[in-house]
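Sequence plus the predicted model coming up.
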Amino acid sequence: MDAHHLELYAHVGLGTVALLTFWIAALAKKGSAPHKLAGRVYVLVMVGLLLPAVPLSWRALVYLRNEFGVFLFYLLLITGTALWRGWTAVRRKRDFDAYAKGRGARALAWANIAGGATILGLGAALAQPVLLGFSLVGILVGRGMLTLADGGPPHPRWWMEAHLNAMLGCGVATHIAFLLIGLPRLLPAGWNGPVLQASCWLAPLVVSALARVHLARKYLAPAPARGAAVAAAVRA
């Protein structure tokens, strides 16, 4: 077995672990031991997948189509940003300034905005709806990071909101990688057409948006005041 096949199988194995641990963490009770363990493993595996992707993106930029290489670097940027935000939101939940107002956070925010603007221009020039859609991710994430830093924590559970948003973004990246790389190998020849490819890019975004609404209602809805709760119990 040559080095190429070893690298391929290692990448597929890590991708499978990432997919499994994402869903274990997603389905486990938030804050429980299985949730925390699966989340840690997921982050470490994703870092292990992103690091080798840097030279691969560079080779795509130099030896393949320039726009493809640029898009790969953009995907690395927004995925790495989501991983960083999801991890640090929990670890710094008692220090908002350290999470949102540092120079590194602002630089990352502007990098996302610049990357999104680049992909927006590239998508307009190539008339590619996938690029146009994904350009909004970097622009909106970067703008949201700057707004959060300037406005301060919007509510006491700001860290939970930041964690959920970031990990949903990571989930989008994980599932797109599976749908575009793993799924076509399992389907009959001829099924991997432009409609399927566009669906694999956009479907995780739609599902993520719906999941965001559900999770916000479950974990971010304001709890009733204690007096109101007691009064309601007395009336009952």
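Structure received. Residues are numbered from 1 along each chain as shown.

helices or strands next to the helix or strand where residue 113 lies in the packing?
Element membership for residue 113 (DSSP states H and E) is helix 103-126. Helix 103-126 sits against helix 66-91, helix 129-151, with contacts defined as 3 or more Cβ pairs under 8 Å, 6 or more residues apart in numbering; DSSP states H and E. (Glycine included, C-beta is placed from N, CA and C.)

Going by neighbour count, which residues of that helix are buried?
By 16 or more other Cβ atoms under 10 Å, the buried positions in helix 103-126 come out as 105-106, 108-109, 111-113, 115-116, 118-120, 122-123.

Would you mind getting the angle between the strand or helix carrying residue 46 and helix 66-91?
Applying DSSP H and E as the criterion places residue 46 in helix 33-63. Angle, helix 33-63 to helix 66-91, by axes from the mean of the first three to the mean of the last three Cα atoms, to 10 degrees: 160 degrees.

packing partners for helix 33-63?
Under the contact rule (3+ Cβ pairs under 8 Å, 6+ apart), helix 33-63 is packed against helix 3-27, helix 66-91, helix 158-177.

change it to 7 Å
helix 3-27, helix 66-91 (3 or more Cβ pairs under 7 Å, 6 or more residues apart in numbering; DSSP states H and E).

Out of the ones you listed, which one sits most buried?
helix 66-91 (a mean of 19; mean count of other Cβ atoms under 10 Å).

what's the burial count for residue 150?
By the criterion of other Cβ atoms under 10 Å, residue 150 has 10 neighbours.

Same list, the buried residues of helix 103-126, but as TSV with pLDDT and distance to residue 11 please.
Output for the buried residues of helix 103-126, formatted as TSV (pLDDT from 0 to 100; distance: Cβ to Cβ, whole Å):
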residue	pLDDT	distance to residue 11
105	90	30
106	92	33
108	93	26
109	94	30
111	95	25
112	95	25
113	95	30
115	93	24
116	93	27
118	92	26
119	91	24
120	93	29
122	87	26
123	88	27
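
Out of those residues, flag the one nearest to residue 138.
Lowest distance from residue 138 to the buried residues of helix 103-126 (Cβ to Cβ) belongs to residue 116, with 2.9 Å.

which other residues reach the helix or strand containing residue 206?
Assigning secondary structure by DSSP H and E places residue 206 in helix 194-215. Contacts with helix 194-215, where a contact means Cβ atoms under 7 Å, 6 or more residues apart in numbering, come from 130, 133, 164-165, 168, 171-172, 175-176, 179-180.

6 Å instead?
Helix 194-215 has contacts (Cβ atoms under 6 Å, 6 or more residues apart in numbering) with 130, 164, 168, 172, 175-176, 179-180.

Send me that helix as PDB with only the CA atoms.
Written as PDB, here are the backbone C-alpha positions of helix 194-215 (Å, rounded to 0.1, in the frame of the first residue of the first chain):
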ATOM      1  CA  PRO A 194     -24.900  18.800 -10.900                       C
ATOM      2  CA  VAL A 195     -28.300  18.700  -9.100                       C
ATOM      3  CA  LEU A 196     -27.000  16.200  -6.500                       C
ATOM      4  CA  GLN A 197     -23.800  18.300  -6.000                       C
ATOM      5  CA  ALA A 198     -25.700  21.500  -5.500                       C
ATOM      6  CA  SER A 199     -28.000  19.700  -3.100                       C
ATOM      7  CA  CYS A 200     -25.000  18.400  -1.100                       C
ATOM      8  CA  TRP A 201     -23.700  22.000  -0.800                       C
ATOM      9  CA  LEU A 202     -26.900  23.700   0.200                       C
ATOM     10  CA  ALA A 203     -28.900  21.000   2.100                       C
ATOM     11  CA  PRO A 204     -26.700  21.100   5.200                       C
ATOM     12  CA  LEU A 205     -27.100  24.800   5.300                       C
ATOM     13  CA  VAL A 206     -30.900  24.600   5.300                       C
ATOM     14  CA  VAL A 207     -30.900  21.800   7.900                       C
ATOM     15  CA  SER A 208     -28.500  23.800  10.100                       C
ATOM     16  CA  ALA A 209     -30.700  26.800   9.900                       C
ATOM     17  CA  LEU A 210     -33.800  24.800  11.000                       C
ATOM     18  CA  ALA A 211     -31.800  23.100  13.800                       C
ATOM     19  CA  ARG A 212     -30.700  26.600  15.000                       C
ATOM     20  CA  VAL A 213     -34.300  27.600  15.400                       C
ATOM     21  CA  HIS A 214     -35.100  24.500  17.400                       C
ATOM     22  CA  LEU A 215     -32.000  24.700  19.600                       C
END
